[in-house]
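# Show me how the following folds:
(one chain, ligands or ions: 2)
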Amino acid sequence: MKDYKNVIIYNHPLVRHKIAILRDERTSMKEFRELIEEITTLMTYESLKEGVPTTEIEVKTPLETCTQTVVADNSIVIVPILRAGLGMVNGVHVLFPSAKVGHIGMFRNEETLRPETYYCKLPKGIEDKLVLLVDPMLATGGSACDAIAHLKSIGCKNIKFMAIIGAPEGIAKVAEAHPDVSIYVSTVDRCLNEHGYILPGLGDAGDRLFGTK
Ligand code: PRP
Ligand code: URA
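Ligands and ions are numbered 1, 2, ... in the order given. Take a look at the predicted model:
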């Protein structure tokens, strides 16, 4: 895969360990859900070390008053791509409990592999916030590309996208279509199969999260 300036691949040993368990077909729905949340929290910590809106406040310690930097109130909106992105929301909320949540519902047409949008509800004022778009799987890149294009079309300027597993072709597609968006991926897999599934991957993330298969 080409080296894209806007793509950050973590390959962190702790996250790789958790992803190994996530991939295992014997991993239960409960454990799968917990792992997705834990990995998301670790990714959020890293992804938001730059670009988070901050503000200065005065804090009175028992000894003196000092100026401290804190995350600006109401500055981050989490946007999961339904369904599987829903599994990542709590993992971000652990760190940013008051972040509002917008939802973009998409499913891939099984024949064309193109995403079809069936739902969209975003908080008012999202265009001025840091938007953290989340989806565990970045396969062909169609869903992420369309979701980002929609967010931009309504005025969002500060968008970060986090995926747990990415296929090289999907990462390239999103990176090239949206060079102004930072893309964070925990691990890059080998390729897609003929049905657009990531190999080795973990199967269908939505089904494994919600027990629909
Ligand atoms: C999965 C996944 C992404 C999309 C990735 O969702 O959660 O949204 O596929 O594929 P792409 O990069 O090729 O667009 P899916 O369409 O299976 O819907 P679901 O989460 O409701 O199962
Ligand atoms: N969506 C998934 O859930 N898994 C894949 O491998 C590809 C798309």
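# for this structure, which helix is longest?
In the chain, with assignment by DSSP state H, the single longest helix is helix 29-47.
# who are the neighbours of it, in terms of helices and strands?
Contacts defined by 3 or more CB pairs under 8 Å, 6 or more residues apart in numbering; DSSP states H and E place helix 29-47 against helix 13-23, helix 86-93, strand 130-134, strand 158-166, strand 182-188, helix 205-210. Heads up, the C-betas are built off the backbone N, CA and C, glycines and all.
# Go through these and name the closest to I76.
strand 130-134 (4.9 Å; CB to CB).
# Could you list the paired strands of the closest one along with their orientation?
Applying DSSP bridges, strand 130-134 is found paired with strand 76-82 (parallel), strand 158-166 (parallel).
# Only the C-alpha atoms, please, for the longest one, written as PDB.
The reference is to strand 158-166. Written as PDB, here are the backbone C-alpha positions of strand 158-166 (Å, rounded to 0.1, in the frame of the first residue of the first chain):
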ATOM      1  CA  ASN A 158     -13.000  18.800  10.900                       C
ATOM      2  CA  ILE A 159     -13.500  15.000  10.400                       C
ATOM      3  CA  LYS A 160     -11.500  12.100  11.700                       C
ATOM      4  CA  PHE A 161     -12.300   8.500  10.700                       C
ATOM      5  CA  MET A 162     -11.500   5.500  12.800                       C
ATOM      6  CA  ALA A 163     -11.700   1.900  11.600                       C
ATOM      7  CA  ILE A 164     -10.300  -1.200  13.400                       C
ATOM      8  CA  ILE A 165      -9.500  -3.300  10.400                       C
ATOM      9  CA  GLY A 166      -8.800  -1.900   7.000                       C
END
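# now it, how far from the centre of its chain.
Put simply, strand 158-166 sits 4 Å off its chain's centre (CA atoms, centre = their mean, to the nearest Å).
# Does at least one residue of the helix or strand encompassing I148 sit close to ligand 2?
Using DSSP states H and E, I148 falls within helix 142-153. No: Helix 142-153 lies out of reach of ligand 2 by CB under 6 Å from any ligand atom, never closer than 8.2 Å.
# Fine by me, we can end here.
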